[in-house]
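Asker: The following block contains a protein sequence and its predicted model.
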Amino acid sequence: MATRTAIYSKILQKSSNFGTRSMSSWWSHVEPAPKDPILGVTEAFLADTSPEKVNVGVGAYRDDNGKPVVLECVREAERRIAGNQNMEYLPMGGSVKMVDETLKLAYGENSDLIKEKRIAAVQALSGTGACRLFADFQKRFRPESQIYIPVPTWSNHHNIWRDAQVPQRTFHYYHPETKGLDFASLIDDVKNAPNGSFFLLHACAHNPTGVDPTEEQWKEISYQMKVKGHFPFFDMAYQGFASGDPERDAKSIRIFLEDGHLIGCAQSYAKNMGLYGQRVGCLSVLCDDEKQAVAVKSQLQQIARPMYSNPPVHGALMVSTILSSPDLKELWLKEVKVMADRIIGMRTALKENLEKLGSPLSWEHITEQIGMFCYSGMTPEQVDRLRSEYHIYMTRNGRISMAGVTTGNVGYLANAINEVTKSA
Ligand SMILES: Cc1ncc(COP(=O)(O)O)c(C=O)c1O
C-alpha cells in the first residue's frame, strides 16, 4: 500500500503538470480591484482627522447637523410591525403588497395599466438590483441589443450593464458650457440610434448633473423615441427628491405612458424613504397585455432565483406599511418634502455665499439644477485642492452632494470653492 508521503508527492507532481501554479496559490494572479469612485471618497473622508472636514461626496441625505436621518414614518412603521412578523421567505417576486403600492407611485394611483395587469413587477434589491435584473433580462431576451447611456451618468450604470454583458453606447446629455441639458445633441442621438434601441433615462434628479429635461423637452424626447421605436428604461432613484412631490417627479414617466410607450422602470426607496441599507426597490416592465406580463414576471423571477432566491422581507414590510396606511403615507409625503426643501435651501445658500465672496464665475446652475447633486463644473485639479487644502471631499467630476451641505458648513464650503476657482 502506498504511504501518505508517496501519495502527497504524486499529487504535487500532478499539480505541477497543470503549469506553474502550486496548490497554495489559486488566487496569486488576482490584482486589487480599482476603488469605486464614489465609495472611495467616504474612505478617504473617514481617514481624515481634521475637525473641519466636510463630506459632500456621498449620495445620502443628512440633516442640518450633518447627521443621517431615519424618517419618523419609518420609525412608526417599525413600531407597528415589531413582533407581528414571522421570518418566512418572501415569494421570488417579493412582497406583492409592497410592489402594488410601488407601482402606484410610478404609474399613478388610478392607472389603467395597473388595473389591466399589464405590468410585470418584482421586488428588487433597491435601485441597483432593479437595474441589474433588467440588464440581465435584456441580455437574455434581446441578446442582440445595446443600451444607450447618458453622458455623464451614475458610474454604476456602466458596471451594471457591463456585468450583464450588454454592449453600451452613449448619448449626449450634459452641456459643460451651459451646465444644462444638451438637448439638441440628445435629440440627434435619439434620431441616429438604430430603430428599436434601448435608452437609459433618469426619471428625475439626474445623477450626477442635477439637470433634468423640462416637461416640454420630455414630450419631445418621448415623441422622437416613439418615432424610432426605442425602448425607454427609467431609473427612478430619487422620486420626491427633486421637487419634494413624488407625483410631480414621476411626470417624465407619465408623459411616456401617455404616448403609449412600453417602458421599464427601476424604483428605489433608498433616498426618498431613507431606507438605504434595507435595499428595497422594484423593477417593472410594462407589457402589451396581462398574458405577456405574467410571462415576463416569471422570467424575472427565474433570473432572481439563482442570484439571491428571494428578496429581504423587513424593508419591504416597512414600505408597504407606510404606503398602505393613510396617516403614515401623509407623514412620508411631508418628510420627503422637508428633505427636498432643505436641499433646495442649501443650493440658494451656497450660491449666495459664492456671490457675496465676489466670485468672478456664474453659479446660477447651482439653483437651476435639481435633486441631490450639483454638478459644479469644477475640474479634477480643483477638487484635489479642496481635499488637500480644505479637507472637503467629493468625487473628482466636481459633483457636490447638496445633502451634505449644512447651515454650519456652507460658508466654509463656499469660501474654499471660491479660493480654488477664482483664478480659473
Ligand atoms: C441614478 C441612480 N440609480 C440608482 C441608484 C441606486 O441606489 P440604490 O441601489 O441604493 O437604490 C442610485 C444611487 O445612488 C442612483 O444615483
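Answerer: Perfect, thanks for sending it. In this text, all values refer to a predicted model and were calculated from it rather than measured experimentally.
Asker: How about residue 348: what's its closest non-neighbour residue?
Answerer: Here the nearest residue to residue 348 in space, its sequence neighbours aside, is residue 367; by C-beta to C-beta, 6 or more residues apart in numbering that works out to 5.8 Å. In short, each C-beta sits where N, CA and C put it, glycine included.
Asker: Which neighbouring elements make contact with the helix or strand containing that neighbour?
Answerer: Secondary-structure assignment from DSSP states H and E places residue 367 in helix 364-368. Under the contact criterion of 3 or more C-beta pairs under 8 Å, 6 or more residues apart in numbering; DSSP states H and E, the helices and strands touching helix 364-368 comprise helix 326-356, strand 373-375.
Asker: Which positions in the protein make contact with the ligand?
Answerer: Along the chain, the residues adjacent to the ligand under the rule C-beta under 6 Å from any ligand atom are 59, 126-128, 154, 202, 207, 235, 237, 268, 270, 276, 281.
Asker: most tightly surrounded among the helices and strands packed on helix 364-368?
Answerer: strand 373-375 (a mean of 26; mean count of other C-beta atoms under 10 Å).
Asker: quick one: strands adjacent to that one?
Answerer: Looking at strand 373-375 with DSSP bridges, its partner strands are strand 399-401 (antiparallel).
Asker: Please state the mean pLDDT value computed over the strand it pairs with.
Answerer: Strand 399-401 shows a mean pLDDT of 94.
Asker: can you list the domains in this protein?
Answerer: Domain assignment for the chain, taken from automatic domain parsing, gives 39-70+341-421, 90-324.
Asker: between the ones you listed, which gets the lowest average pLDDT?
Answerer: Per-stretch mean pLDDT for the domains of the chain is lowest at domain 39-70+341-421 (a mean of 94).
Asker: Mind checking which of the residues of the chain next to the ligand land in strands?
Answerer: 202, 235, 268, 281 (DSSP state E).
Asker: What residues sit buried inside stretch 52-69?
Answerer: The neighbour-count check on stretch 52-69 (16 or more other C-beta atoms under 10 Å) flags 53, 54, 55, 56, 57, 58, 59, 60, 61, 62, 69 as buried.
Asker: Likewise for stretch 406-422?
Answerer: 406, 409, 410, 412, 413, 414, 416, 417, 418, 419, 420, 421.
Asker: Farthest-apart pair in the residues you listed, please.
Answerer: With distances taken as C-beta to C-beta, the most widely separated pair in the buried residues of stretch 406-422 is 406 and 421, at 21.1 Å.
Asker: Quick check: residue 232 is in a helix.
Answerer: No: assignment of residue 232 by DSSP: H, G, I helix; E, B strand; the rest coil gives strand, placing it outside any helix.
Asker: How about the contacts made by it?
Answerer: Shown in contact with residue 232 (C-beta atoms under 8 Å, 6 or more residues apart in numbering): 199, 201, 222, 225, 256, 261, 263, 264.
Asker: so what's it bridging to?
Answerer: Under the criterion DSSP bridges, residue 232 forms beta bridges with residue 199.
Asker: Thought residue 58 was touching residue 207, still the case?
Answerer: No: Residue 207 sits out of contact with residue 58 when judged by C-beta atoms under 8 Å, with a separation of 11.8 Å.
Asker: ok, the nearest residue to residue 371 once chain neighbours are set aside - how many residues close by?
Answerer: Distance criterion C-beta to C-beta, 6+ apart; nearest residue to residue 371, sequence neighbours excluded, is residue 205 at 2.5 Å. Residue 205 sits with 26 neighbouring residues when counted by other C-beta atoms under 10 Å.
Asker: For residue 205, identify the helix or strand it belongs to.
Answerer: Short version, using DSSP H and E: residue 205 is in no helix or strand.
Asker: Now it, what are its backbone angles?
Answerer: Backbone geometry at residue 205, expressed as degrees, to the nearest 10, gives phi 50, psi 60.
Asker: Among the helices and strands packed on helix 364-368, single out whichever gets nearest to residue 117.
Answerer: Of all the helices and strands packed on helix 364-368, it is helix 326-356 that lies closest to residue 117, at 23.3 Å by C-beta to C-beta.
Asker: before we move on, back to that, what's the farthest-apart pair in the ones in strands among the residues of the chain next to the ligand?
Answerer: The largest distance within those, taken as C-beta to C-beta, falls between 202 and 281 and amounts to 14.9 Å.
Asker: Compare these two (neighbour count), which wins?
Answerer: Set side by side, residue 202 and residue 281 show unequal neighbour counts under other C-beta under 10 Å, the larger going to residue 281 at 31 against 25.
Asker: For that one, which residues are in contact?
Answerer: Contact partners of residue 281, counting by C-beta under 8 Å, 6+ apart, are 123-130, 266-270.
Asker: any chance of the residues you listed in a markdown table, with neighbour count too?
Answerer: Compiled in a markdown table, the contacts of residue 281 are given as follows (neighbours: other C-beta atoms under 10 Å):
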| residue | neighbour count |
| --- | --- |
| 123 | 31 |
| 124 | 30 |
| 125 | 22 |
| 126 | 25 |
| 127 | 25 |
| 128 | 21 |
| 129 | 24 |
| 130 | 28 |
| 266 | 28 |
| 267 | 27 |
| 268 | 27 |
| 269 | 28 |
| 270 | 22 |
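Asker: can you tell me which of the residues you listed are in helices?
Answerer: Counting by DSSP state H, the part of the contacts of residue 281 found in helices is 126, 127, 128, 129, 130.
Asker: quick one: which of those is nearest to residue 344?
Answerer: Checking these one by one against residue 344 (C-beta to C-beta), the nearest turns out to be residue 127, at 22.2 Å.
Asker: on that earlier part again, run a quick check on the residue nearest to residue 371 versus residue 252, I expect a contact.
Answerer: No: under the criterion of C-beta under 8 Å, residue 205 is not in contact with residue 252, lying 10.7 Å apart.
Asker: okay, and the common contacts of the two?
Answerer: With contacts taken as C-beta under 8 Å, 6+ apart, the residues that reach both residue 205 and residue 252 are residue 212.
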